[in-house]
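**Q** only geometry, no sequence info:
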């Protein structure tokens, strides 16, 4: 399922599917998203998650 939106709400980032369902929630600062990834900063690290909420890599 593709990522349609990602929204910052306080300290949490909510990631939504095409039909508006929440795919996953993570703590941190939203840096950006595409149809297949979400980038979230937590501390000094940048985490990139796939559409299932699994970490693809950390920088």
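**A** Received, thanks. None of the values given here were measured: they were computed from a predicted structure.
**Q** from the centroid of the protein, which residue is nearest?
**A** Closest to where the C-alpha atoms of the chain average out (CA atoms, centre = their mean) is residue 38, at 3.7 Å.
**Q** what's across from the residue lying closest to residue 29 once chain neighbours are set aside in the sheet?
**A** Spatial nearest neighbour of residue 29, excluding adjacent residues (CB to CB, 6 or more residues apart in numbering): residue 41 at 4.5 Å. The C-beta positions use only the backbone N, C-alpha and C, and glycine is treated the same way. When assigned by DSSP bridges, residue 41 has beta-bridge partners residue 29, residue 46.
**Q** neighbouring contacts of the helix or strand where residue 32 lies?
**A** With elements taken from DSSP states H and E, the one containing residue 32 is strand 29-33. Here strand 29-33 makes contact (CB atoms under 8 Å, 6 or more residues apart in numbering) with 3, 5-8, 13, 15, 38-42, 46.
**Q** now with 6 Å, please.
**A** 3, 6, 8, 13, 39-41 (CB atoms under 6 Å, 6 or more residues apart in numbering).
**Q** buried subset of the residues you listed?
**A** Listed as buried from those are 3, 6, 13, 39-40; burial here means 16 or more other CB atoms under 10 Å.
**Q** same list, the contacts of strand 29-33, but as TSV with secondary structure and distance to residue 33 please.
**A** TSV is the format used below for the contacts of strand 29-33 (DSSP: H, G, I helix; E, B strand; the rest coil; distance: CB to CB, whole Å):
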residue	secondary structure	distance to residue 33
3	strand	6
6	strand	4
8	strand	11
13	strand	9
39	strand	7
40	strand	9
41	strand	13
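**Q** in a markdown table: these, plus distance to residue 53 and pLDDT.
**A** As requested, these are exported to a markdown table (distance: CB to CB, whole Å; pLDDT from 0 to 100):
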| residue | distance to residue 53 | pLDDT |
| --- | --- | --- |
| 3 | 10 | 97 |
| 6 | 12 | 98 |
| 8 | 16 | 98 |
| 13 | 11 | 98 |
| 39 | 13 | 98 |
| 40 | 11 | 98 |
| 41 | 16 | 98 |
